[in-house]
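> the following comprises the amino acid sequence and a computationally predicted model.
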Amino acid sequence: MADAKTQVRRRLAAGRRERPAAERDAARAAIAGHLTSALSPCRRVAAYLPLSTEPLPPTFAADLAAVGVTVLLPIVTGASPLDWALADGPVTTGSRGISEPTGPRLGPDAVATCDVVLVPALAVDHAGGRLGRGGGHYDRTLAPLPTRRADGRPWLVAVVFDDEFLDRVPTDALDRPVDAVVTPSGGLRELPT
């Protein structure tokens with residue numbers, strides 16, 4: 001399974017690097033539109049600061065906060081679950097080269113207080129299987145949460161480009177499925193997880 005995941009990750013990461021900037025910008029604008037309308041009624045959302053090749057717009061956390069949503073951003077803490085801080089201050093480059101908030105840490109349990117968690121992904125399949133970048137940070141973070149939304153778990157939404165919504169992605173027992181996917185042309189779709 002690890003080899004299958006590695007091969008798919010390499011292919012998808014290369015595709016993201018090769019994606020023309022104009023196509024990426026158009027996809028980001030569409031995703032921002034879909035997510036802003038869906039998430040503006042939320043009280044609290046866990047988002048992330050995307051890498052330059054990712055489909056989430058770099059300003060999305062700030063834009064969502066501007067419409068009155070409290071936004072939490074992740075902080076990588078080694079092999080532990082992600083820590084969280086409010087998206088209301090400066091950011092710095094963290095230990096893994098990812099932008100992170102510099103405000104007071106809220107602890108790993110803060111994610112459970114959110115209505116929605118936007119989850120980065122390289123690919124998502126129609127059953128909610130998610131392929132991340134391989135660090136396991138989100139899977140470790142989401143593992144302590146209830147398995148069902150009916151039990152109070154936040155809605156888990158993966159953000160991918162159109163061609164990254166696949167029929168099947170390789171997953172194993174440690175991978176947490178997502179409840180929905182947002183793509184530029186397909187919008188926000190709930191998945192049968």
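Structure's in. What do you need?
> for the rest of this, base every contact and every neighbour count on C-alpha atoms.
OK.
> which regions of the chain sit below the pLDDT cut-off?
Scanning the chain with the threshold set as pLDDT under 70 gives 1, 193.
> so where's the longest helix in it?
helix 21-39 (DSSP state H).
> what's that helix packed up against?
Here helix 21-39 touches helix 60-66, strand 180-183, strand 187-190, going by 3 or more C-alpha pairs under 8 Å, 6 or more residues apart in numbering; DSSP states H and E.
> OK, contacts around the residue nearest the centre of the chain?
The chain has V119 as the residue nearest its centroid, 1.9 Å off, counting by C-alpha atoms, centre = their mean. Neighbouring residues of V119 by C-alpha atoms under 8 Å, 6 or more residues apart in numbering: 47-48, 138, 156-159.
> if we can go back for a sec, how about the helices and strands packed on helix 21-39 in JSON lines, adding mean neighbour count and distance to T92?
Below are the helices and strands packed on helix 21-39 laid out as JSON lines (neighbours: other C-alpha atoms under 10 Å; distance: least, C-alpha to C-alpha, whole Å):
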{"stretch": "helix 60-66", "mean neighbour count": "19", "distance to T92": "15"}
{"stretch": "strand 180-183", "mean neighbour count": "25", "distance to T92": "27"}
{"stretch": "strand 187-190", "mean neighbour count": "16", "distance to T92": "30"}
